[in-house]
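could you work out the structure for the sequence below:
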Amino acid sequence: MPKEKKFAELFKELEEITKKFEERSNEDLDTSVKEFERGLEIAQELKARLQDIELKVKKIQAKYEHKES
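Numbers count the residues shown, from 1 in each chain. Below is the predicted model of the structure:
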């Protein structure tokens, strides 16, 4: 089973894909579509991870707000 990439690694990969699209105009269409799809996969993964973190932060906040009451 492949090792799960860290958030920063995925973000960097997404930045590299984006940079490729900005720098080129005559790339093979099939390659471009594959890279575009990979970019969307990465963006979806990053969004899911951020949502998980946001939920964890809210739970921590709620825990400590409850103790202050």
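
Provide a list of residues in contact with Arg49.
Contacts were defined as C-beta atoms under 8 Å, 6 or more residues apart in numbering; by that measure Arg49 touches Phe7. Every C-beta, even on glycine, is put in place using the N, C-alpha and C of the backbone.

again, only using 10 Å
The neighbourhood of Arg49, defined by C-beta atoms under 10 Å, 6 or more residues apart in numbering, consists of 6-7, 10-11.

pick the one among those residues closest to Ile60.
The shortest distance between Ile60 and any of the contacts of Arg49, using C-beta to C-beta, involves Phe7 and amounts to 18.3 Å.

how about that closest one, what does it touch?
Residues 45-46, 49-50, 53 are the ones in contact with Phe7 under the rule C-beta under 10 Å, 6+ apart.

still on that earlier bit, show me which of the contacts of Arg49 is closest to Phe36.
Distance ranking of the contacts of Arg49 against Phe36, using C-beta to C-beta, places Leu10 first at 15.9 Å.

quick check, that closest one in contact with Leu50.
No. Under the criterion of C-beta atoms under 10 Å, Leu10 makes no contact with Leu50, lying 11.1 Å away.

tell me the mean pLDDT over stretch 56-68?
If you average the pLDDT over stretch 56-68, you get 88.

how near is the most centrally placed residue in the chain to Lys56?
When C-alpha atoms, centre = their mean is applied to the chain, the residue found nearest the centroid is Leu46 (2.2 Å). Relative to Lys56, Leu46 is positioned 16 Å away (criterion: C-beta to C-beta, to the nearest Å).

would you state the helices of this structure in chain order?
Secondary structure of the chain (DSSP state H): helices located at 7-23, 29-68.

point out the most buried one among the ones you listed.
helix 7-23 (a mean of 13; mean count of other C-beta atoms under 10 Å).

so how far is that one from its chain's centroid?
Relative to its parent chain, helix 7-23 has a centroid offset of 10 Å by C-alpha atoms, centre = their mean, to the nearest Å.

and what of stretch 30-44?
The gap between where stretch 30-44 is centred and where its chain is centred comes out at 12 Å by C-alpha atoms, centre = their mean.
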